[in-house]
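J.: Predicted model and sequence follow; I will ask about them next.
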Amino acid sequence: MTDALVDSHSLPAELRPYLDGLVRRTRAVCGGHLISVFAVGSIALDDYRHGRSDVDVTIVADPSIPARVLRELAESLAHASLPCPAAGLELVVYGADFVAEPSGAAGYLMDLNTGPMLPNRVSFDPAESSDFWYVIDRSIAHQAGRLLFGTPVRQVLAAPSRLDLYAAMRASVREHAGGAGHLGDNRVLNGCRMAAFCRTGRWPAKREAAQMIATSEEKFRPLVETALRSFQRPRSAALPLPATDVRTFLTWVGERVEEAAIHALVDGQRGDADLRRGNVKSSEVND
C-alpha cells in the first residue's frame with residue numbers, strides 16, 4: 001500500500017499507522033476541499049512520549065467546505081471509528097482564509113478531541129472555546145509544524161503577532177494557575193516552555209525548556225525536576241506536586257510573560273517611529 005504521509009520515517013513509529021489512516025480518511029472525506037494536514041504539539045517539537053502525549057493535528061481546508069463534510073470528518077476520526085494509540089487526538093480544522101493572516105482568535109471551523117484518555121468533544125463554533133489554546137498552537141505550528149499531507153505549513157499558515165501571542169500566554173498562565181483539569185507536571189512544564197519562549201523567541205520541547213529553567217532558576221529546580229520525573233510516567237501514575245509551589249512558579253512565569261510583552265510593545269512602537277522617520281526623510285528627498 002502506498003504511504004499516505006509526506007515523510008513517515010520522521011514520525012514516532014508508534015503513530016505512523018494511525019497518522020497514515022487519519023490522512024487517508026481526511027482525504028477521502030474532504031476531497032478537493034483539503035489543502036494541508038500537519039502535526040503540531042509534541043510531534044512537531046520531537047517530544048512525543050507514547051502513553052503520555054496527545055496527538056495534535058491541524059487541518060487547513062477551503063473555507064467553503066460544507067458543514068456536513070465537517071460532521072462526517074468528526075465521525076470518521078472519532079476514537080470509536082479510528083482508535084487512537086496515544087492519550088488522545090486533538091484535531092483542529094481551519095479555513096485557509098483565516099489562517100493566512102495573523103489572528104488572536106480561535107477561529108476554527110471544527111475542533112475535535114477524542115481518544116482513550118480524552119473526553120470526546122466536537123465543536124463547530126469557536127465562541128465555545130478559549131482563544132489562547134489555538135493561538136499558541138498556531139505559533140508552534142508556524143515554527144515547527146510537521147507536514148503530513150498537502151501544501152507546506154508556512155505557505156498556508158501565518159504566525160500570530162507577538163502582542164496576540166503574549167496575550168494568549170497570559171491567558172494560558174491564568175488557566176494553568178487555576179489548575180482545574182490539568183496535571184501538576186503539565187502545568188509546570190508548560191510554564192517552563194513559556195518562560196523559555198520569553199527568553200529565546202522560540203518554542204522548545206517541554207523537557208528542553210524544563211532543563212533550561214532548572215539550570216538557571218535554582219529556587220525552582222526541585223519542583224521542575226519532580227515535574228520532569230513525573231512526565232516520564234503514565235498520566236495515571238503522575239507524581240503529586242505541591243500546589244503552593246506550582247502557583248508560586250506560575251506567578252513567576254506570568255511575570256516573565258509580562259516583561260516580554262512590554263519589550264515587544266516597546267520594540268513595536270520603536271519600529272513604527274523609525275518607519276515614520278524614514279517616510280518623512282523620503283518625502284523630503286523627493287521634494
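T.: Arrived safely, thanks for sending. Because the structure is predicted, anything quoted here is derived from the model rather than measured.
J.: Can you check the pLDDT for residue 285?
T.: Looking at residue 285, its pLDDT stands at 49.
J.: cool, residue 221 as well?
T.: Residue 221 carries a pLDDT score of 98 in this model.
J.: Can you tell me, leaving aside adjacent residues, what's nearest to it?
T.: Leaving out its chain neighbours, the residue that sits closest to residue 221 by C-beta to C-beta, 6 or more residues apart in numbering is residue 214, at 4.7 Å. C-betas here are computed from N, CA, C, even on glycine.
J.: ditto for residue 189
T.: residue 206 (4.1 Å).
J.: Check residue 152 too.
T.: Leaving aside its chain neighbours, residue 152 sits nearest to residue 36 (7.6 Å; criterion: C-beta to C-beta, 6+ apart).
J.: So what are the sheet partners of the helix or strand hosting that neighbour and their directions?
T.: Following DSSP states H and E, one finds residue 36 within strand 34-40. According to DSSP bridges, strand 34-40 has the following sheet partners: strand 55-61 (antiparallel), strand 146-150 (antiparallel).
J.: what sits up against the shortest one?
T.: Residues outside strand 146-150 that contact it (C-beta atoms under 8 Å, 6 or more residues apart in numbering) are 4-7, 10-11, 19, 22-23, 26-27, 34-40, 43-44, 57, 60, 153.
J.: With stretch 67-75 instead?
T.: The contact list for stretch 67-75 (C-beta under 8 Å, 6+ apart) reads 25, 26, 29, 30, 33, 81, 93, 109, 110, 112, 122, 124.
J.: Which positions within that stretch qualify as buried?
T.: 69, 70, 73, 74 (16 or more other C-beta atoms under 10 Å).
J.: Report the rounded mean pLDDT for that stretch.
T.: Mean predicted confidence for stretch 67-75 is 98.
J.: gap between that stretch and the chain center?
T.: With C-alpha atoms, centre = their mean, to the nearest Å as the basis, stretch 67-75 stands 23 Å off its chain's centre.
J.: Ok, stretch 147-157 next?
T.: Relative to the chain's own centre, stretch 147-157 is displaced by 15 Å; criterion: C-alpha atoms, centre = their mean.
J.: got it, and stretch 251-262?
T.: 19 Å.
J.: Enumerate the positions of that stretch that are buried.
T.: Buried residues in stretch 251-262, counted by 16+ other C-beta under 10 Å: 252, 253, 254, 256, 257, 260, 261.
J.: Looking at these, which are in strands?
T.: Nothing among the buried residues of stretch 251-262 maps onto strands, per DSSP state E.
J.: Would you mind putting those into TSV with pLDDT and distance to residue 64 alongside?
T.: Formatted as TSV, the buried residues of stretch 251-262 follow (pLDDT from 0 to 100; distance: C-beta to C-beta, whole Å):
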residue	pLDDT	distance to residue 64
252	98	46
253	98	41
254	97	41
256	97	42
257	97	38
260	95	38
261	95	37
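J.: Residue 190: which element?
T.: Residue 190 belongs to helix 184-200 when elements are defined using DSSP H and E.
J.: Same check on residue 207?
T.: Per DSSP H and E, residue 207 falls inside helix 206-216.
J.: re earlier: what subset of the contacts of strand 146-150 is buried?
T.: Taking 16+ other C-beta under 10 Å as the criterion, what is buried in the contacts of strand 146-150 is 4-6, 11, 19, 22-23, 26, 34-40, 43-44, 57, 60, 153.
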